[in-house]
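Undergrad: Whatever this is, show me its structure:
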Amino acid sequence: MKTYPIQPMSIHQAMEMQFHLVNCIHETIPGGEMLTQGDLGVVLGEGAPTMTRKVEAVLAKCFGAEAAILVRGSGTGAMRNVFNVLNSPLDKIVLHDAPIYPTTKVIIESMGLKPIWIDYNLDTTDQWDSCKAASFALIQHSRQRIDDSYELQEVIQKLRQVNPDISILVDDNYAVMKAAKIGVQVGADVSAFSMFKLLGPEGVGCVVGKKSIIESIRKINYSGGSQVQGHEALEALRALVYTPVSLAIQSEQVEKAYQRLLNGEVKGVKNAYIANAQSRVLLVEFEKPIAKAVLEASEKLGAAPHPVGAESKYEVVAQFYRVSATFRNADPALENSMIRINPMRSGADTVINVLKRAIEQAEK
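TA: Here you go, the predicted model:
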């Protein structure tokens, strides 16, 4: 098996991203206002809390986009809003030929959208020509299959060459503040992602991209209950400042643990891989079908057994959990032979120690 993980930012690059984001704050929000909790309600003339609008302006500037909007419903809510304003029921849409992320699948099925399946890894002319029949394409920045190798920017360019008028949404969940650039920065019309996955508050999603798309989303989210309030927007922004460096350190520890496993430090491990599944994680394949037993033992050794928001503010200890649903759908045998490990805020030493002890207990 071969994996093609997305290139993460180095710690130095992550520092520069942090400094860039803070500079965008300096250019947009008066310093005194950053020491408040923002405002509330549907402000006259704004249609939302004033502070929320300012935070959205910071996010648009940070990602080099025309506009941004914070929405209810986390990453799924962000995706749903884009689908709603760019598609009508029963429209044809372009999708990667791979298992679809479950919550995205619900959106597609509930709208009755008709997929045109394209293998984004291949350069076959015939399959790309079929994109002419659709006005919308979805690309998931993170991997849907273990063997996905496509480069995001190249897929966007291919779609544009075949169908210049197509609208392109990139699902940037699990990629924001990890990859050097997100979809909207490499040619997509819009990117959607969860702020909860970026140490922010529960239930807040973000869409960045073309102003026309953002304004259409605003129109269908005018009510007070649909608004992300000022204090939530500020909490999301403050958390985002600390995200790139934290994730770069996490990525570094994944690499260190990976190298130690390849060097044979842990008995019972057949192989190890780094993959974006959905987060950038360590995939550990066992010599025996002991995956479920290892997971049970690792929880007793302090590892988190499942994600909360996938790298949310609550996720501190290393996570040992089963491979993603999209990967299991592609290869059901993985459920018994492989686990994924995300160090979160822990180091490689902790990961290796827990894994050794969990395997020992599982094999008894």
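
Undergrad: hey, which helix is longest across the chain?
TA: In the chain, with assignment by DSSP state H, the single longest helix is helix 230-262.

Undergrad: any idea how the protein splits into domains?
TA: The chain resolves into domains spanning 11-243, 248-362 when parsed by automatic domain parsing.

Undergrad: Residues contacting the helix or strand bottoming out on mean pLDDT in the chain, please?
TA: Lowest on mean pLDDT, DSSP states H and E among the helices and strands of the chain sits helix 325-330, with a mean of 73. Outside of helix 325-330, the residues that reach it under the criterion Cβ atoms under 8 Å, 6 or more residues apart in numbering are 98-102, 144-146, 277-278, 322, 334-335. To be clear about C-beta, it is placed using only N, CA and C from the backbone, and glycine gets the same treatment.

Undergrad: now do 6 Å
TA: The contact list for helix 325-330 (Cβ atoms under 6 Å, 6 or more residues apart in numbering) reads 99, 102, 144-146, 277, 334-335.

Undergrad: Pull the distance from it to the chain's centre.
TA: From the chain centre to the centre of helix 325-330 is a distance of 17 Å (Cα atoms, centre = their mean, to the nearest Å).

Undergrad: Restrict that helix to CA atoms and write it as CSV.
TA: Coordinates of each C-alpha in helix 325-330 appear next as CSV, following Å, rounded to 0.1, in the frame of the first residue of the first chain:
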residue,chain,number,x,y,z
ALA,A,325,-15.5,5.5,7.3
THR,A,326,-14.4,6.5,3.8
PHE,A,327,-11.3,4.3,4.0
ARG,A,328,-13.3,1.4,5.6
ASN,A,329,-15.8,1.6,2.7
ALA,A,330,-12.9,1.3,0.2
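
Undergrad: For this protein, give me the ranges with low pLDDT.
TA: Along the chain, segments meeting pLDDT under 70 span 326.

Undergrad: circling back: mind checking what helix or strand follows the least confident helix or strand of the chain in sequence?
TA: helix 334-337 (DSSP states H and E).

Undergrad: Partner strands of the helix or strand following that following helix and their direction?
TA: On the C-terminal side of helix 334-337, the nearest following helix or strand under DSSP H and E is strand 338-342. Strand pairing for strand 338-342, determined by DSSP bridges: strand 280-286 (antiparallel), strand 319-322 (antiparallel).

Undergrad: Phi and psi next, for M34.
TA: The main-chain torsion angles of M34 are listed as degrees, to the nearest 10 and equal phi -70, psi -10.

Undergrad: That one - nearest residue in space that isn't next to it in sequence?
TA: Residue nearest to M34 in three dimensions, not counting chain neighbours: I25, with 6.8 Å by Cβ to Cβ, 6 or more residues apart in numbering.

Undergrad: same deal with Q7?
TA: Nearest-residue entry for Q7: A179, 7.0 Å, with adjacent residues in sequence omitted and distances by Cβ to Cβ, 6+ apart.

Undergrad: right, and the secondary structure at the one you found would be what?
TA: Reducing the assignment to helix, strand or coil with DSSP: H, G, I helix; E, B strand; the rest coil, the entry for A179 is coil.

Undergrad: Verify the stated contact: it with M9.
TA: No - no contact is recorded between A179 and M9 when judged using Cβ atoms under 6 Å, the distance being 7.1 Å.

Undergrad: Pull the number of nearby residues for the residue lying closest to S10 once chain neighbours are set aside.
TA: For S10, ignoring the flanking residues on the chain, the nearest one in space by Cβ to Cβ, 6+ apart is A248 at 6.5 Å. Applying other Cβ atoms under 10 Å, we find 22 other residues in the vicinity of A248.

Undergrad: Against I6, how distant is A248?
TA: Applying Cβ to Cβ, to the nearest Å, one obtains 13 Å for the distance of A248 from I6.

Undergrad: Also M17?
TA: Following Cβ to Cβ, the distance that separates M17 from I6 is 15 Å.

Undergrad: Please apply the same query to S324.
TA: From S324 across to I6, the span is 15 Å (Cβ to Cβ).

Undergrad: out of those two, which sits in the more crowded spot?
TA: Each of S324 and I6 had its neighbours counted (other Cβ under 10 Å), and the higher figure belongs to S324 (27 against 19).
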